[in-house]
Structure formats: C-alpha cells, structure tokens
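J.: Got a predicted model here, sequence first, then my questions.
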Amino acid sequence: MRGYLHKSLSTVLEFIVENDRANLITSPQLLEFVSFYITQDTQKHQLLPELLTGCFRVTGKILTQCSLKDPITGDLTVEASAVPIDSVDIQLICVESILAGERFITDTSVIQTTQIADGDICRSLTLPIYVVLPRLLVCPTLFAGWRW
C-alpha cells in the first residue's frame, strides 16, 4: 500500500499508430511486440521502504504498431511484489514538442486511462492488455519540420 504522496510505479514505451490499413505492408505481417519490465530499480521517484527492501517485478509485452481502428494489445504479468497491489492502470499520454529557437518545448497530457486489474493480483498470472484508442482525442501529427 502506497502513502498518499508516493508516486505510481511506471514504465514508458513508444509505439506507432497507423491511420489507414492500405498504407501497411500487404505481405504477411509479423506482429512486433516490445517487452517491458518494471522493478524498484527502474523507478525515478522515491519508493516505500517495503518496495526497496522487498522484491517487485512486473513484466509484459505490448504491440508497437497498430491501426487507429484496432486496439493496443499485449499482456502483463506481476511476477513478485512485497506489498499488495491496489490496481493496474495503463495511461495513453500525448507528448507534443515544438522547436522554439534552439530548444524544444514539450507538453504532455493524459488522453485516456484504462484499468487492467482491480485489487491485489495473483502472482505469475498473465493479464491481457486491450486498450481501445479514443478516436476523438487522438490527433496525429500531420506535418513535421515546418519553418516559418
């Protein structure tokens, strides 16, 4: 159980979303998954003492290329946790960057949060990830590198 001011455990993955299936390669497509893991060593913020001394490991994989019409899929497994888990959520975050002078200005905003599991999860149980993209809130970059 985390205290009120403790941050959530997290990992960041980048994936590509295509708008039209006609642009995708028509040959037999190999699904490209990226594996990820979350441990107490991968976190950049202060953790509870129970997590620092105990064992915590979450692994999984997620599909990195999909159409806007298709969900983001994958799986997640809690291998070990020294403390009970309240819930597992996946956040879809929009990161926008612009070049201003000689530096980039970046803004992030949460588009959607999807709950994968509620309550303490059985260890070594594989949970499916199935996130439907919100078409009204997802806006792709249409043109990059424009200079005035």
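T.: Received it, and whenever you're ready, just let me know what you need. Keep in mind that what you see is a predicted model, and the values were worked out from it rather than measured.

J.: After the lowest-mean-pLDDT helix or strand in the chain, which helix or strand is next?
T.: Least confident helix or strand of the chain, by mean pLDDT, DSSP states H and E, is strand 16-18 with a mean of 60. Sequence order places strand 33-39 as the next helix or strand after strand 16-18, per DSSP states H and E.

J.: residue ranges for the helices of the protein, please.
T.: 49-53 (DSSP state H).

J.: Check it for its longest strand and report it.
T.: Among the elements of the chain assigned as strand by DSSP state E, the one spanning the most residues is strand 103-118.

J.: what residues does that strand touch?
T.: Defining contact as C-beta atoms under 8 Å, 6 or more residues apart in numbering, one finds that strand 103-118 is touched by 76, 85, 87-98, 127, 129, 131, 133-134, 137-138. Just so you know, the C-beta spots here come from the backbone N, C-alpha and C atoms, and that holds for glycine as well.

J.: Tell me the buried residues within the residues you listed.
T.: Neighbour-count burial (16 or more other C-beta atoms under 10 Å) is assigned, among the contacts of strand 103-118, to 76, 85, 88, 90, 127, 129, 131, 133.

J.: Out of those, which two sit at the greatest distance?
T.: I85 and L133 (25.7 Å; C-beta to C-beta).

J.: Quick check, L31 in contact with L63.
T.: Yes: the pair L31 / L63 is scored as a contact, 6.1 Å apart, by C-beta atoms under 8 Å.

J.: Name the residue in the two with the higher neighbour count.
T.: Using other C-beta atoms under 10 Å as the criterion, L31 and L63 rank with L63 on top: 16 against 10.
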